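K.L.:
missing the sequence, but the structure's below:
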């Protein structure tokens, strides 16, 4: 009997569970594929709040971050098109102010 098998038997005799193996690491090809595939934008939840009522942590990757109110802040949440932060309506307001 090997040292490893005797250790496993000791663990089993004491009522403890045997150690589990770590999951295999992803291959380089799998990582490259995951990084190069286009990712779908986050879909809004089925119970999406009305426009202007989104909390920051509820916003998806493709939603407007124009703040509403004096606090606690809520955000627009409309779909962004070309601007990295705002929907077309709020982007026009933002760039008109500059």
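P.N.:
The structure has been received and is ready for your questions. Note that this is a predicted model, so its numbers are computed, not measured.
K.L.:
any weak-confidence spans in this structure?
P.N.:
Applying pLDDT under 70 to the chain flags the ranges 1-5, 7-8, 11-12, 14-20, 37-52, 98.
K.L.:
Repeat the analysis, applying 50 as the threshold.
P.N.:
Residue ranges of the chain with pLDDT under 50: 46.
K.L.:
all helices of it, in order?
P.N.:
3-13, 28-36, 88-97 (DSSP state H).
K.L.:
would you turn the ones you listed into CSV with distance to residue 80?
P.N.:
Just so you know, the C-beta spots here come from the backbone N, C-alpha and C atoms, and that holds for glycine as well. Shown next, in CSV, are the helices of the chain (distance: least, C-beta to C-beta, whole Å):
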stretch, distance to residue 80
helix 3-13, 54
helix 28-36, 23
helix 88-97, 8
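K.L.:
most tightly surrounded among the ones you listed?
P.N.:
With neighbours taken as mean count of other C-beta atoms under 10 Å, the helices of the chain reach their highest mean count in helix 88-97, at a mean of 12.
K.L.:
Pull the residues that contact that helix.
P.N.:
64, 66, 76, 78, 81-83, 85-86 (C-beta atoms under 8 Å, 6 or more residues apart in numbering).
K.L.:
Out of those, who's the most crowded?
P.N.:
Highest neighbour count within those, by other C-beta atoms under 10 Å: residue 64, with 24 neighbours.
K.L.:
Test my guess that that one contacts residue 74.
P.N.:
No - using C-beta atoms under 8 Å, residue 64 makes no contact with residue 74, being 11.5 Å away.
K.L.:
ok, back up a step: tabulate the contacts of helix 88-97 (JSON lines), appending distance to residue 31.
P.N.:
Formatted as JSON lines, these follow (distance: C-beta to C-beta, whole Å):
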{"residue": "64", "distance to residue 31": "32"}
{"residue": "66", "distance to residue 31": "36"}
{"residue": "76", "distance to residue 31": "35"}
{"residue": "78", "distance to residue 31": "34"}
{"residue": "81", "distance to residue 31": "31"}
{"residue": "82", "distance to residue 31": "30"}
{"residue": "83", "distance to residue 31": "31"}
{"residue": "85", "distance to residue 31": "29"}
{"residue": "86", "distance to residue 31": "33"}
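K.L.:
Kind regards, and thank you for your time.
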